[in-house]
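Enquirer: Provide a 3D model corresponding to the input given below.
(2 chains, ligands or ions: 2)
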Amino acid sequence: MKGLSRILAILGKEFIQMLRDRLTFGMMVGIPVMQLLLFGYAINTDPRHLPTLVEMGDNGPASRAILQAMETSDYFDLIGTVASGAAVENAMRDGEAVFIVTIPPGFERALARGERPQILLDVDATDPVAAGAGSSAFPTIVQQALAPLLGEMAPPVETIIHRRYNPAGRTALNIVPGLLGIILTMTMAMMTSMALTREAERGTLEALLSTPTRPHEVMIGKITPYVVAGFIQVAIMLAGARFLFSVPFLGSPPAFLIAVSLFILVNLALGFLFSTVARSQMQAMQLTFFAFLPSILLSGFMFPFAAMPHWAQMIGQAIPATHFIRAVRAIMLKGAGLDHVWPQIWPLMIIFAVIATVAMLRYRQTLD
Amino acid sequence: MSEALAIDVSGLSKSFGGTKVVDGFDMQVPPGKIYGFLGPNGSGKTTTIRMMCGLLRPDEGGGTALGLDILRQSREIKARVGYMTQRFSLYGDLTVRENLTFMARLHALPKVRDVVEQALETYDLAPRAKQLAANLSGGWKQRLALAAASLHEPGLLLLDEPTAGVDPKARRDFWDRIRRLARQGVTVLVSTHYMDEAVQCDNITFIAYGRKLIDAPASEIPDRIGLKTIRIEGQGLQPVYDALEHAEGVDQIARFGAALHVSGRDESALDAAIACYRDQDGLTVTTAKTGLEEAFIWLMTGAEDNFR
Ligand SMILES: Nc1ncnc2c1ncn2[C@@H]1O[C@H](COP(=O)(O)OP(=O)(O)OP(=O)(O)O)[C@@H](O)[C@H]1O
Ligand SMILES: [Mg+2]
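Expert: Ligands and ions are numbered 1, 2, ... in the order given. This next block holds a predicted model:
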């Protein structure tokens, strides 16, 4: 009986402490709710509605029937047309479309003559999961679209599927650049927020500030080692990608360097922001974890970005990792240069400016 | 005044979340003196010290430390004042030498290595130079903290409860060092809860609820308060305590080791109250000097009545 009352005493105390630590309690409630919403609504492991461009070489009843069938299949979202040649190349490299359908000139006539014309589907195969379902359904969709027009004869067209950037459909190619973004998010934000919180938690900040040291000297001195650590991580991951998984590096190294530096800065600023909120290292870690989950789930790292509902994509746009992962995939796998990844660079700059400003404002308040 | 004051502040006030923690605090400390800073827990000692060394900005009031404006010249003050925090604030995961080197470099001292070796020598820390600060005992930690706070040869040392939780021998050693520094011309402001340390100060400032209650040399304080004390020794004191606790003329009663100290402001009323014990067998009643401790307990009780 005494044992029970002691257990109850400890249990009661533990509950009180748990409820008093509002941040921890918030995490305990917030994380399952967030996971549930993200997995339930935002994440689509059967990717549909992927952006698709059409190169219209011919325009007749058969072509229109095919496009109509693609649209109704739910796999493809026809977002517009594209001119032939370099435009196709660019649209795909910039990530404008996952699929590009090419209906060649003279398609209708060749079809009518039974000449078995070709119809081409270009696929951005960097993410094999995203592109897989649509590509494998494509021949059937085409055939079924034409059946009412031509009757059930031998295949009237030849569907050619052209997987770009990752012809073998290897997931490692897609995952490795994404992992770079995820690992940097996790370690950079967590290490800086913990390092900054540690001084306040252990009381060492007071001795530090009792010397003529200026606040920005503290900041720079404390953050720089983690910048270096970030670049070391990048170097390790790049070497691993190259030698263990044979992930190519096709694009521009300066563009890569710019993207990486910017992304490291963003995450350091995020860690800095967390350190102004958290009162202990434990809380700093929890906050990073809270930011880390959406980075994994909504950034296009684990699940295809294009397949998420619109609102989830909007949230994803605010996540730095989304832009970074896109940029790195384009640079490494598609051979992109700075001009191609500029649409990913400027959002990162804006995110950095916002986070850094908020963090600086909060930091000034906590000094006193 | 021939020499400039080391500390000269007036009207210092500071609030945290709407509560006034320090309220119109004045203090003048002449150079080369050791001033004691006393007051109950939460009375605002640490807050006041932080304002004087430029770590906290007062809401109202101002003044100078070593002739430097505490509002506008906090960086210059930090370069010339040594502050030893109440809570140990050096790095537990750095060694003694690394901690000293770090602090010396933050002060941008020339010849860091020499300064550190000198400090290790002066504070007898050399044998422990390679030990992690976290593994030092309480007394050694305080010694390291004092060494770190005086590396840059400050003209003013602000010591916030430097000897809390330290054994008597280490405390004595610590005070020897403080006096040595004072002889070299360093001004010291030291907060403490120990009476034996308070009496060693040239002057005592007592603060409660953020207000200064008394500011005088230790020897004058009991007289200023005007409290008379009678000491009762002997066997079976508990009934005496119980009887006198609420007796007319007795303002305060406290156990002092094996004796009772009974104090009151009105000498004749106090005498009347204890008269019946003067001739009781086994009890010795003597007139005692009111000590600092009784004086402070008295001040604190009064402060509670006034401010609560
Ligand atoms: N940063 C702060 N935020 C809010 N309240 C504070 C802060 N610093 C101090 N206080 C409050 O101000 C009051 C005075 O605190 P202070 O630390 O100055 O007292 P003290 O005299 O040093 O006490 P002690 O003898 O316990 O060290 C306390 O009630 C404390 O809770
Ligand atoms: Mg204090």
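
Enquirer: Residue ranges in chain B under the pLDDT threshold?
Expert: B:1-3, B:303-308 (pLDDT under 70).

Enquirer: Tell me where it has strands.
Expert: Remark: strands assigned in chain B by DSSP state E are B:7-16, B:19-29, B:34-38, B:60-65, B:68-69, B:81-84, B:156-160, B:187-191, B:203-208, B:211-216, B:228-234, B:252-256, B:259-264, B:283-288.

Enquirer: Arrange those strands in JSON lines, one row each, with mean neighbour count and distance to chain A as further columns.
Expert: Every residue, glycine included, has its C-beta placed from N, CA and C. Shown next, in JSON lines, are the strands of chain B (neighbours: other Cβ atoms under 10 Å in any protein chain shown; distance: least, Cβ to the nearest Cβ, whole Å):
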{"stretch": "strand B:7-16", "mean neighbour count": "18", "distance to chain A": "10"}
{"stretch": "strand B:19-29", "mean neighbour count": "18", "distance to chain A": "13"}
{"stretch": "strand B:34-38", "mean neighbour count": "24", "distance to chain A": "17"}
{"stretch": "strand B:60-65", "mean neighbour count": "20", "distance to chain A": "12"}
{"stretch": "strand B:68-69", "mean neighbour count": "17", "distance to chain A": "12"}
{"stretch": "strand B:81-84", "mean neighbour count": "26", "distance to chain A": "4"}
{"stretch": "strand B:156-160", "mean neighbour count": "24", "distance to chain A": "9"}
{"stretch": "strand B:187-191", "mean neighbour count": "25", "distance to chain A": "14"}
{"stretch": "strand B:203-208", "mean neighbour count": "23", "distance to chain A": "20"}
{"stretch": "strand B:211-216", "mean neighbour count": "17", "distance to chain A": "22"}
{"stretch": "strand B:228-234", "mean neighbour count": "19", "distance to chain A": "40"}
{"stretch": "strand B:252-256", "mean neighbour count": "16", "distance to chain A": "34"}
{"stretch": "strand B:259-264", "mean neighbour count": "22", "distance to chain A": "38"}
{"stretch": "strand B:283-288", "mean neighbour count": "14", "distance to chain A": "42"}
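
Enquirer: Relative to A:Asn174, which of those strands is closest?
Expert: Closest to A:Asn174 of the strands of chain B, according to Cβ to Cβ: strand B:7-16, at 53.0 Å.

Enquirer: Partner strands of the closest one and their direction?
Expert: Neighbouring strands of strand B:7-16 in its sheet, by DSSP bridges, are strand B:19-29 (antiparallel), strand B:60-65 (antiparallel).

Enquirer: so which of the strands of chain B gets nearest B:Pro127?
Expert: Of all those, strand B:81-84 sits nearest to B:Pro127, with 22.0 Å by Cβ to Cβ.

Enquirer: packing partners for that closest one?
Expert: helix B:138-149, strand B:156-160 (3 or more Cβ pairs under 8 Å, 6 or more residues apart in numbering or on different chains; DSSP states H and E).

Enquirer: Now with 10 Å, please.
Expert: Counting contacts by 3 or more Cβ pairs under 10 Å, 6 or more residues apart in numbering or on different chains; DSSP states H and E, strand B:81-84 packs against helix A:204-209, helix B:45-52, helix B:138-149, strand B:156-160, strand B:187-191.

Enquirer: Tally up the residues packed near B:Gln280, please.
Expert: Burial measure for B:Gln280: 13 neighbouring residues, criterion other Cβ atoms under 10 Å in any protein chain shown.

Enquirer: so can I have TSV of the helices and strands packed on strand B:81-84 showing distance to ligand 1?
Expert: Below are the helices and strands packed on strand B:81-84 laid out as TSV (distance: least, Cβ to the nearest ligand atom, whole Å):
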stretch	distance to ligand 1
helix A:204-209	11
helix B:45-52	3
helix B:138-149	15
strand B:156-160	7
strand B:187-191	7
